[in-house]
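Colleague: Any chance you can model this:
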Amino acid sequence: MNVLVTAAALGAVSGSRSMLAPALVARAISSSPLAPILSLFAAGEMAADKLPAIPARTEALPLFGRMVSGAVVGAAVGGRRHRVAGALTGAAGALAASFALAAARRLASAQRIPNAVAGVCEDALALGAGLWLTRRA
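Modeller: Residues are numbered from 1 along each chain as shown. Alright, predicted model coming up:
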């Protein structure tokens, strides 16, 4: 798979769950002691996402965090040769996915699908896509 396509797709995973893509990439590219910590953060984010007090992913600060996360994973998979392009592509993937997935959650809510159910479906999609991508990156 093309490096920039992978960077964009992992950025999209960051647009869904900001800590999930960094956790998966850390596990895939090294035995870093950071991987378990990032995994714990990702699990906490998945649990917290279902709470009503969590701000919308498209608000400035959460959106910025998702874009930074996408940029970090994009740079990581881009390697030396494509680090800057990977970072920019990863951030763009996170931005696009943040808005697309927020719209999907609104649509689910309009169809009377409980937020927790939609959130668990989004978790499964993000985790599955992230695992698939990191195995091929």
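Colleague: The residue nearest to Thr58 when sequence neighbours are not counted: neighbour count?
Modeller: Among residues not flanking Thr58 along the chain, Ala102 sits closest, at 5.1 Å (CB to CB, 6 or more residues apart in numbering). C-beta: built from backbone N, CA, C; applies to glycine. Around Ala102 there are 16 other residues, counting by other CB atoms under 10 Å.
Colleague: My read is that Ala102 contacts Pro62, right?
Modeller: No: the pair Ala102 / Pro62 is not scored as a contact, 10.2 Å apart, by CB atoms under 8 Å.
Colleague: so the residue nearest to Thr58 is in which element?
Modeller: For Ala102, the host element (DSSP states H and E) is helix 83-110.
Colleague: re earlier: between Ala102 and Pro62, which contacts overlap?
Modeller: Ala56 (CB atoms under 8 Å, 6 or more residues apart in numbering).
Colleague: Please identify the helix or strand for Gly130.
Modeller: In this assignment (DSSP H and E), Gly130 forms part of helix 115-136.
Colleague: Could you list the low-confidence segments of this structure?
Modeller: By pLDDT under 70, the chain has no low-scoring segment.
Colleague: The residue of it most remote from its centre in helix, strand or coil?
Modeller: Centroid-distance maximum for the chain: Arg112 at 25.2 Å, with CA atoms, centre = their mean. Following DSSP: H, G, I helix; E, B strand; the rest coil, Arg112 is assigned to coil.
Colleague: Tell me how far it lies from Ala118.
Modeller: Arg112 is 11 Å from Ala118, where distance means CB to CB, to the nearest Å.
Colleague: List the buried residues of the helix holding Ala102.
Modeller: Buried positions in helix 83-110, judged by neighbour count with 16 or more other CB atoms under 10 Å: 86-95, 97-98, 101-102, 104-105, 108.
Colleague: Next, the angle from it to helix 115-136.
Modeller: Going by axes from the mean of the first three to the mean of the last three CA atoms, to 10 degrees, helix 83-110 is angled at 150 degrees with respect to helix 115-136.
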